[in-house]
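A.B. asks: Structure of the sequence below:
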Amino acid sequence: MMHMTFYWGKKVTLLFDSWRTDSWTSYGLTLLAVLIASVFYQYMEDRRLRFKALSRSKPSPPSDESPFFLLGYTGVGNRSSARFASAILFGINSAIGYMLMLAVMSYNWGVFIAVVVGLAIGYLFFRTGDEAVIIDNACACA
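C.D. replies: Next up, the predicted model:
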């Protein structure tokens with residue numbers, strides 16, 4: 001039976017019927033996976049915002065060391081591919097964000113804390129830079 005209020009406990013069904021925890025080991029590994037997914041969400045959001053800012057900036061000559069070189073961004077007259085790549089990153093990040101939201105809707109305190117701590121750690125490591133980045137994401141996990 002699905003809980004409709006927050007509870008403490010090692011028995012959680014997370015996202016799929018096959019992802020059930022029944023021991024402290026499986027519960028701990030599940031919390032670790034959720035924490036890592038939350039950190040990864042913040043990392044992907046940072047990459048997306050940086051890519052968006054780069055695609056709006058003045059074109060520069062292509063470089064093999066650029067992180068966007070592999071995505072096909074040459075910097076010269078290729079803004080449509082940069083917008084397409086930015087849209088792909090937005091879609092991936094939205095999917096991760098909604099999966100985290102559904103994980104929290106398991107109403108398990110451990111899962112909730114793992115998501116919040118993971119988002120905070122990811123924000124600390126990836127999104128607290130000196131440069132100002134405008135956030136245009138309406139998702140609550142942003």
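
A.B. asks: Who are the contact partners of residue 96?
C.D. replies: Residues in contact with residue 96, defined by Cβ atoms under 8 Å, 6 or more residues apart in numbering, are 37, 40-41, 44. All C-beta spots, glycine's among them, are computed from the backbone N, C-alpha and C.

A.B. asks: Now do the strands in the protein.
C.D. replies: Counting by DSSP state E, the chain yields no residue ranges for strands.

A.B. asks: can you list the weak-confidence ranges in this structure?
C.D. replies: For the chain, the stretches flagged by pLDDT under 70 are 1-2, 57-80, 130-142.

A.B. asks: The residue nearest the centre of it: what's its closest spatial neighbour, skipping adjacent residues?
C.D. replies: Nearest to the mean C-alpha position of the chain, counting by Cα atoms, centre = their mean, stands residue 41 at 1.3 Å. Leaving out its chain neighbours, the residue that sits closest to residue 41 by Cβ to Cβ, 6 or more residues apart in numbering is residue 96, at 4.8 Å.

A.B. asks: Quick check: the one you found vs residue 107, distance?
C.D. replies: Between residue 96 and residue 107 the distance, using Cβ to Cβ, to the nearest Å, works out to 20 Å.

A.B. asks: any idea how far residue 38 is from residue 104?
C.D. replies: As judged by Cβ to Cβ, residue 38 and residue 104 stand 10 Å apart.

A.B. asks: Who has more neighbours out of these two?
C.D. replies: residue 38 (25 against 18; other Cβ atoms under 10 Å).

A.B. asks: Correct me if wrong: the residue nearest to the centre of the chain contacts residue 120.
C.D. replies: No: counting by Cβ atoms under 8 Å, residue 120 is not a contact partner of residue 41; they are 11.6 Å apart.
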